[in-house]
Structure formats: C-alpha cells, structure tokens
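Visitor: need a 3D model of the following:
(2 chains)
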Amino acid sequence: EVQLVESGGGLVQPGGSLGLSCSASGFTFSSYAMHWVRQAPGKGLECLSSISSDGGSTYYADSVKGRFTISRDNSKNTLYLQMNSLRAEDTAVYYCVKDYGNYVWAFDMWGQGTMVTVSS
Amino acid sequence: QSALTQPASVSGSPGQSITISCTGTSSDIGGSNYVSWYQQHPGKAPKLMIYVVSNRPSGVSNRFSGSKSGNTASLTISGLQAEDEADYYCSSYRSSSTHVVFGGGTKLTVL
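Guide: Got it, this is the predicted structure:
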C-alpha cells in the first residue's frame, strides 16, 4: 500500500523553527519528485516546495523562499521540510505529496497532513 | 488572491453535468500542459482527479473529464452524484516561477 506519513507538526512561537518529516512506503521513493503543500484553515492549497527524485533540484514558493528548506534521504525513504523564521501566516496543515512522475507536477498521493500552528 | 481564478461555487442536480472553469495566463495554463484537478472532501486530503489537462488516474470515474482552451482549463463532471459534493482545485505549472500554482477552489453543491 502506498503511504505517506508526516510527523513533526505542532505549536511554535513566531520566529521559531520546526522540522517536518514524511516517511514514504509502498513505492520506489527514489523515482519520484516530492512536494510539500499546505492549506491554511478554511483556505486553499499552496505548493510550498518541491524536490527532484535525486534531490538535485529544488523549488520554493516566494512565500517561503529563504526560510524553508526541502531535502530528502532516498536511503531512508524520507522527505523533510525545515522551517525557520516562522510567522503567524505559516499556520496551516502541511501535506507531504508524491509527484505522478519526476516533475509531472501532478500530485497523486497525499499524506494525512500535519498541523503547524504559529502563535505566541 | 489565488494565482488561478475559479468560481467560488457551482451547483447541479443529480444526473446533470457541470463544468468548473480555471483561468490563468499564458505563463501557466496557456503555456503548459501540466494542468491538474483535485477533489477535496471536508477534513480529507485532496485527491488527484485529472492530470496533464485531460488524463484520469487509475480508479477515477470516467464521469470526470478535463480540457483546456487558451488560458482556461475546465473540469466537467457528468451524471452528478451526491458523493461528488466537494471542493475542487485546479493547478498548473507556471514557467515564470518554475513552480505550481493553484486556483482558489470551487465548492460543488449537489442539490
């Protein structure tokens, strides 16, 4: 069974840092680009960051560029998102997402999501 | 304000067909075939319904179809069923930012 399981969400103060992890199983992780997509409460979807299958290329939305870092460890089938300088507007459910291929830019498998709340 | 423009809501009766539009620019929808559609039920993760403009992933009903003309993509759902009631999001690769942008979402109500 294809599965993505995120962890690491929680409550953090403005200006703080948080690291998310996503454990993948049921498919050849190293063959697919991966993404982080977030959804603020009651709002739409935003693709934050993407990484190629081999980790050699990464992309970031302007809203998180310079603050968030995406990475992956293909030997551990794990995707990461390091989030620094967090702001109230970063409060959202964060989804780990599998690409249909290597940058087909279609997201065919989603994790259950992990909630990140930025508040004092 | 979302990068792609979708109607906030659409509605239809069971058995009818509805179309949801998604309007962008020549930098995204007009210049890319990486257009996708997602269905999201309340409290659930989104589900891929259409990719590369008009392709359906395995397991998605053939009642769902996608198309594109110029800077506008469309999702058509035929033979509406109660379980189709959900939020629908379009997305497109945007060449100017080398990344994906989403529409604001459309709430489909089955009357």
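Visitor: how close does the residue in chain A that chain B sits nearest to get to residue A:42?
Guide: The nearest approach of chain A to chain B comes at residue A:106, 3.5 Å away (C-beta to the nearest C-beta). C-beta coordinates here come from the backbone N, C-alpha and C atoms, glycine included. Counting by C-beta to C-beta, to the nearest Å, the gap from residue A:106 to residue A:42 is 25 Å.
Visitor: between these two, who's got more neighbours?
Guide: residue A:106 (24 against 5; other C-beta atoms under 10 Å in any protein chain shown).
Visitor: residues in contact with the more buried one?
Guide: Residue A:106 is in contact with A:99, A:100, B:34, B:36, B:48, B:51, B:52, counting by C-beta atoms under 8 Å, 6 or more residues apart in numbering or on different chains.
Visitor: can you flag which of those belong to strands?
Guide: A:99, B:36, B:48 (DSSP state E).
Visitor: min pLDDT across these, which one?
Guide: Of all those, residue A:99 carries the smallest pLDDT score, 95.
Visitor: neighbouring contacts of the helix or strand harbouring residue B:38?
Guide: Using DSSP states H and E, residue B:38 sits in strand B:35-40. Residues outside strand B:35-40 that contact it (C-beta under 8 Å, 6+ apart): A:45, A:105-107, B:22, B:29, B:46-53, B:64, B:66, B:68, B:73, B:75, B:84, B:86-93, B:105.
Visitor: just to revisit the earlier point, quick check: the gap between the residue of chain A closest to chain B and residue A:98.
Guide: For residue A:106, the distance to residue A:98 - C-beta to C-beta - is 10 Å.
Visitor: once you drop chain neighbours, what's closest to the closest residue to chain A within chain B?
Guide: Across chain B, the shortest distance to chain A (C-beta to the nearest C-beta) belongs to residue B:51, at 3.5 Å. Distances taken as C-beta to C-beta, 6 or more residues apart in numbering or on different chains place residue A:106 nearest to residue B:51, at 3.5 Å, with adjacent residues excluded.
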